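*Asks:* Predicted model and sequence follow; I will ask about them next.
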Amino acid sequence: QEAKDLQKATKGLKLVETGSTAYNSFWMNAEVAPWKDARVRRAMSLSMNRDEYIQIIGKGLGKHAGPVVPVFGDYALSDAELKKLQPYDVAEAKKLFEAAGVKEVAFTHPTSSTMNDYVNIMVKQLQAIGVTAKPQPLDAAAWVAQYFGNKLTASYSLNQSYKTPDSALLWYRTGGVTGSGNYDTKLYSAALDTLIDKAAATIPEAERKAAYLEAQRAVVKSDPAFINVFNQGSNVV
């Protein structure tokens with residue numbers, strides 16, 4: 001809105017809406033209940049109405065996000081494919097939660113940035129399918145210390161702005177994003193490791209792009225314990 005107001009007030013300014021590398025995610029510790037149950041992780045993804053996040057938090061500016069965000073162009077899954085791979089499906093989410101015997105979920109979140117907005121939307125969306133969400137706020141310093149040491153069971157998470165597709169995909173590789181087990185969901189497989197490593201090591205660009213798409217499809221179908229919400233846009237004047 002600030003960018004639009006500036007454009008109206010100043011002759012000759014051009015407003016350009018662009019992509020960015022910014023996004024937030026929902027992180028789960030797959031070694032503990034209920035997150036070790038793939039049905040619960042899938043239900044969390046299905047319960048996310050990403051368009052609502054885009055409208056409320058992004059003010060209409062943003063796109064659905066897979067493991068690699070859309071600003072990376074052909075390295076990222078298309079919006080149409082993402083909506084098929086990770087749809088918003090209230091009925092199926094409710095069915096999966098009920099099958100897993102889950103009526104409430106608890107998660108931590110930092111109180112900084114727009115995280116409270118993310119939390120409020122999640123609470124509302126889960127409530128609509130009969131699941132009670134119990135968010136546990138922490139100041140940023142306390143939150144990141146526990147997140148770093150994998151002491152949380154689930155958390156809404158602020159992200160770094162990863163500059164390469166490979167950096168973003170490391171969340172789904174053995175050892176986690178740092179390779180040392182910090183911030184680690186504890187959910188990975190040899191098959192995913194192979195696909196992620198193949199993408200990073202492929203030199204011809206067309207083949208590399210195809211390898212990254214293949215790896216991302218496998219990640220989404222694995223019911224990951226790290227779910228990206230939406231890719232924030234950016235305004236430039």
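*Replies:* It's in.

*Asks:* Mind jotting down where the helices sit in the chain?
*Replies:* Along the chain, counting by DSSP state H, helices occupy 2-9, 38-46, 50-56, 79-85, 90-100, 115-127, 140-148, 165-169, 190-201, 205-221.

*Asks:* Format those helices as TSV; extra columns: mean neighbour count.
*Replies:* The way it works is simple: take the backbone N, C-alpha and C, and place the C-beta from them, glycine included. Converted to TSV, the helices of the chain look like this (neighbours: other CB atoms under 10 Å):
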stretch	mean neighbour count
helix 2-9	11
helix 38-46	23
helix 50-56	18
helix 79-85	14
helix 90-100	17
helix 115-127	17
helix 140-148	15
helix 165-169	22
helix 190-201	16
helix 205-221	18
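
*Asks:* mind putting the ones you listed in TSV, mean pLDDT included?
*Replies:* Converted to TSV, the helices of the chain look like this (pLDDT from 0 to 100):
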stretch	mean pLDDT
helix 2-9	87
helix 38-46	98
helix 50-56	95
helix 79-85	94
helix 90-100	97
helix 115-127	96
helix 140-148	93
helix 165-169	94
helix 190-201	97
helix 205-221	98
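
*Asks:* Mind putting these into a markdown table with distance to residue 227?
*Replies:* Below are those laid out as a markdown table (distance: least, CB to CB, whole Å):
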| stretch | distance to residue 227 |
| --- | --- |
| helix 2-9 | 29 |
| helix 38-46 | 5 |
| helix 50-56 | 10 |
| helix 79-85 | 12 |
| helix 90-100 | 13 |
| helix 115-127 | 11 |
| helix 140-148 | 15 |
| helix 165-169 | 13 |
| helix 190-201 | 15 |
| helix 205-221 | 9 |
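
*Asks:* What is the neighbour count of the spatially closest residue to residue 168 that is not a sequence neighbour?
*Replies:* Spatial nearest neighbour of residue 168, excluding adjacent residues (CB to CB, 6 or more residues apart in numbering): residue 162 at 4.4 Å. Around residue 162 sit 19 other residues, with neighbours defined as other CB atoms under 10 Å.

*Asks:* my read: residue 162 touches residue 228, true?
*Replies:* No. Counting by CB atoms under 8 Å, residue 162 stays clear of residue 228, with 10.9 Å between them.

*Asks:* Perfect, that will be all.
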